[in-house]
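Participant: With the sequence up front, the predicted model follows.
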Amino acid sequence: MSEPRPSFTRGLFAGAVHDDLLFPFPPALDIARPEEAALVRRLVHDLRALVGDVIDPAVIDEQETVSEPVIRALAQIGLLGLTIPREYGGLGLSASGYAKVFGEISRIDPSLAVLVGVHCGLGSKAIVLFGNSEQKARYLPGLARGETLAAYALTEPDVGSDAQNIKTQATMNADGSWTLSGRKIWIGNGHRAGVIATFAQTSVDRNGTMVNRPTAFIIRPDMPGFRVVGTVRKLGIRGSTQAELAYEDLQVPADHVLGTVGKGFGVAVHVLNGGRLTLAAGCTAGAKHLLGQMTEYAEGRVQFGRPIADFEITQRKLATLASEAYASDAMLGMLAALVDRGDADYSLEAACAKVFASDLIWRAADEMVQVAGGRGFVKPYSYERTLRDARINRIFEGTNEILRLFISLNGVQGPAERLKEVGSALRRPLKNLGLLSGYAASRLRSALGATDTIDTPLHPRLADHKSYFEKHVADLRDRTAKAIMKYRKDIIERQFVLERLANMAIELYATACVLARTQQLIDRMGVEGSAHELALCDLFCVEAGRRIRDARLQLDAPDEQVDDRRRAVAAAVRAHKGYGVPDAILDAPSHPVKVGEPVTALPVPAQRASGT
């Protein structure tokens, strides 16, 4: 059995800081891969040249589709082969290079980003990672050229994206082919894709017992039994298309199993971890773009004789978003580097980056509308469309609520292994979280109860932030241990607690990335040359520390009474099927007025009658 790969975020729950995973911060793309950096610049230049004549985000939104001419233009400049290896006609970008290009696509139009992300980051990527040589040779060249689009069909009506518990069934026929029966929903590109990676339960032998296990398949719309049920209209990202697919005794050849029969869970986990990198890249680039728009608008909008950028409330918005964009950028750069190096388990880091970046772009879009005032709410201004488009990111690739549980349950699992019944109980919910887990607990280099430190030398300018970071790691370790001892196996049901532990871990991962990135900039440009970045670092670390402190205080004993009240109020709301507090006027008994019966007018108040 191979030794589990280390995870920086998982280690934090036990007080371990794996410096070697985050320090030093990875070098910029133009230093690490100069040839790829030149290619990325060319792709971005060619993409920007399409904006206006070919790509018009307002038209995409109004028409609720990405037109075929746009798709052909993307294919012509290579944007549909970003993740496909060069031997199959693609560009074979690293995770770092792909994140840069995808961020620019998202900045231009989120609907376009969904189309490319599903094609490159999910559908094609599944074949790249798990296809055999024959499958790759058959499908990847056409996908790279944009002859057809790829899709990824996992989500189902009853179980969402829980790969372990999908309902679609696959039965092997006598000739080795398969018959699939089931439905998939919310499938990006599903109505126009020519190649789809999908999942179904198959019966496999496990220790002499036949059990259901997911298997991944490659399917095409020309296979008998495939049907597109329809598409849906959406709040945002209207140019992308999410379809419902029906497998009605869908006939799939034997050579179209993707990977190994019964091992589809691993396919789903690995592909969707990459999908979270894609989302983090798009949200981070979008947030930085929104900050630029907000700054420009605030400088030009004059109220009370001054630009609204002069007012401190506006300045607070600008400063907060800038510091959080700096952190999100650092998390993304670190995550891409972890993916590229391949020797670490980055599943929790991908979840942290996705949650942080998707929350960030939603706040940024909301604040942009607020700063723009009435113009933020109407067309032809783009701000209302940006707000609509931003909302989906907190749902895509695992909702942020589920991902927080994923982070905390995985983090708690390592320390909890000391209590046998807790460790056993935790393995069950982790399994039931489906594609959101599947990794063994990381080996910790310090025992539970021993707080680790950042051993990598940092500039004295960062000393206070380092000290507070280490203190907050100890806080997370202590609250994790107390929660395990107090709730034991019932911790699985204590989602208030798990959410707060996850929030602490996300802020700690973000802070560590910010420190690593800022140290790299100090090394390269000196303290004076990186003054702006140091200011962003200072603001983020202080604000993140306050959020960690708030979560820690909520985990302490007195707040349990508040949680009890929350449960009681929620139970009452459920019992009343809503608000439950009667309105003295609207909910009072009334006598119905008969048809044709005059309604008695209300008396006129005395002062109004006298004209006062």
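Facilitator: Alright, I've got the coordinates.

Participant: how about the residue nearest to Arg517 when sequence neighbours are not counted, what does it touch?
Facilitator: Excluding the flanking residues, the one nearest Arg517 by Cβ to Cβ, 6 or more residues apart in numbering is Ala330, at 4.1 Å. Yep, even glycine has a C-beta here, placed from its N, CA and C like the rest. Contacts for Ala330 (Cβ atoms under 8 Å, 6 or more residues apart in numbering) come out as Phe25, Ala510, Cys513, Val514, Ala516, Arg517.

Participant: Farthest pair within these?
Facilitator: Farthest-apart pair in these is Phe25 and Ala510; separation 13.3 Å (Cβ to Cβ).

Participant: Give me the distance between Arg385 and Asn400.
Facilitator: Distance, Arg385 to Asn400, using Cβ to Cβ, to the nearest Å: 22 Å.

Participant: one step back: higher neighbour count, Phe25 and Ala510?
Facilitator: Taking neighbours as other Cβ atoms under 10 Å, Phe25 and Ala510 compare with Ala510 leading, 24 against 20.

Participant: ok, the more buried one touching Glu349?
Facilitator: No - counting by Cβ atoms under 8 Å, Ala510 sits too far from Glu349 to count as a contact (10.4 Å).

Participant: which neighbours do these two share?
Facilitator: Met331.

Participant: Please list all residues in contact with the spatially closest residue to Val378 that is not a sequence neighbour.
Facilitator: The spatial neighbour of Val378 that comes closest, neighbours along the chain excluded (Cβ to Cβ, 6+ apart), is Glu384 at 6.6 Å. Glu384 is in contact with Val369, Gly376, Phe377, Val378, counting by Cβ under 8 Å, 6+ apart.

Participant: What is the three-state secondary structure of the closest residue to Ala285 other than its chain neighbours?
Facilitator: Closest residue in space to Ala285, ignoring its immediate chain neighbours: Gly103 at 3.1 Å, by Cβ to Cβ, 6+ apart. Classification of Gly103 using DSSP: H, G, I helix; E, B strand; the rest coil returns helix.

Participant: My understanding was that Gly103 contacts Leu279; is that so?
Facilitator: No - under the criterion of Cβ under 8 Å, Gly103 makes no contact with Leu279, lying 10.7 Å away.

Participant: So for the two, which residue has more residues nearby?
Facilitator: For Gly103 versus Leu279, neighbours defined as other Cβ under 10 Å are more numerous around Leu279 (29 against 24).

Participant: In which helix or strand does the more buried one reside?
Facilitator: Here Leu279 sits within helix 264-300, counting by DSSP states H and E.

Participant: still on that earlier bit, can you identify the element that follows whatever helix or strand the residue nearest to Val378 lives in toward the C-terminus?
Facilitator: Element membership for Glu384, per DSSP H and E: helix 383-390. Next along the chain after helix 383-390, taking DSSP H and E as the criterion, comes helix 400-416.

Participant: what's that next one packed up against?
Facilitator: With contacts taken as 3 or more Cβ pairs under 8 Å, 6 or more residues apart in numbering; DSSP states H and E, helix 400-416 sits against helix 8-12, helix 347-372, helix 420-432, helix 463-487, helix 495-529.

Participant: which residues touch the residue nearest the centre of the chain?
Facilitator: With distances taken as Cα atoms, centre = their mean, the residue of the chain nearest its centroid is Lys354 (3.3 Å). Contact partners of Lys354, counting by Cβ under 8 Å, 6+ apart, are Arg276, Leu279, Ala280, Cys283, Glu397, Gly398, Asn400, Leu403.

Participant: separation between the residue nearest to Gly194 when sequence neighbours are not counted and Gly89?
Facilitator: Once flanking residues are discounted, Gly194 sits nearest to Thr148: 2.9 Å by Cβ to Cβ, 6+ apart. Per Cβ to Cβ, Thr148 is found 13 Å from Gly89.

Participant: Neighbour count for the two, which is higher?
Facilitator: Using other Cβ under 10 Å, the more surrounded residue of Thr148 and Gly89 is Thr148, with 19 against 16.

Participant: which phi and psi does that one have?
Facilitator: phi -150, psi 170 (degrees, to the nearest 10).

Participant: and the residue nearest to Arg517, that one's in a strand?
Facilitator: No - going by three-state DSSP, the assignment for Ala330 is helix, not a strand.

Participant: For Asp249, see how far away it is.
Facilitator: From Ala330 to Asp249 the distance is 50 Å (Cβ to Cβ).

Participant: Gln5 - nearest residue in space that isn't next to it in sequence?
Facilitator: Actually, residue 5 is Arg rather than Gln. Per Cβ to Cβ, 6+ apart, closest to Arg5 is Asp345, 4.2 Å.

Participant: what's the neighbour count on the one you found?
Facilitator: Neighbours of Asp345 under the rule other Cβ under 10 Å: 22.

Participant: pretty sure it contacts Phe8?
Facilitator: No - if you go by Cβ under 8 Å, Asp345 and Phe8 don't touch, sitting 9.3 Å apart.

Participant: now Val229, what's its secondary structure?
Facilitator: strand.

Participant: what about the residue nearest to it when sequence neighbours are not counted, which helix or strand?
Facilitator: Distance criterion Cβ to Cβ, 6+ apart; nearest residue to Val229, sequence neighbours excluded, is Glu244 at 4.0 Å. Secondary structure from DSSP H and E places Glu244 in strand 242-252.

Participant: so how many other residues sit close to Ala229?
Facilitator: One thing to correct before we go on: residue 229 is Val, not Ala. Val229: 13 neighbours (other Cβ under 10 Å).

Participant: That one contacts Glu248, correct?
Facilitator: No - applying Cβ under 8 Å, one finds Val229 not in contact with Glu248, separated by 10.1 Å.

Participant: what's the longest strand seen in the chain packed up against?
Facilitator: Counting residues, the longest strand found in the chain (DSSP state E) is strand 193-206. Contacts defined by 3+ Cβ pairs under 8 Å, 6+ apart place strand 193-206 against helix 124-130, helix 133-145, strand 149-153, strand 169-172, strand 178-188, strand 209-219, strand 242-252, helix 264-300.

Participant: Any idea how many residues pack against Asp158?
Facilitator: Using other Cβ under 10 Å, Asp158 has 10 other residues around it.

Participant: Could you do Arg306 as well?
Facilitator: Using other Cβ under 10 Å, Arg306 has 10 neighbouring residues.

Participant: Could you check how far it is from Gly300?
Facilitator: For Arg306 relative to Gly300 (Cβ to Cβ), the value is 12 Å.

Participant: List the buried residues in the helix or strand where Asp563 lies.
Facilitator: Asp563 is part of helix 559-576 when elements are defined by DSSP H and E. Within helix 559-576, no residue counts as buried by 16 or more other Cβ atoms under 10 Å.

Participant: Show me how far that helix is from its chain's centre.
Facilitator: 29 Å (Cα atoms, centre = their mean, to the nearest Å).

Participant: Could you tell me the average pLDDT over it, please?
Facilitator: For helix 559-576, mean pLDDT rounds to 89.

Participant: Show me what it is packed against.
Facilitator: With contacts defined as 3+ Cβ pairs under 8 Å, 6+ apart, helix 559-576 has no helix or strand neighbours.

Participant: quick one: it to helix 495-529, angle?
Facilitator: 120 degrees (axes from the mean of the first three to the mean of the last three Cα atoms, to 10 degrees).
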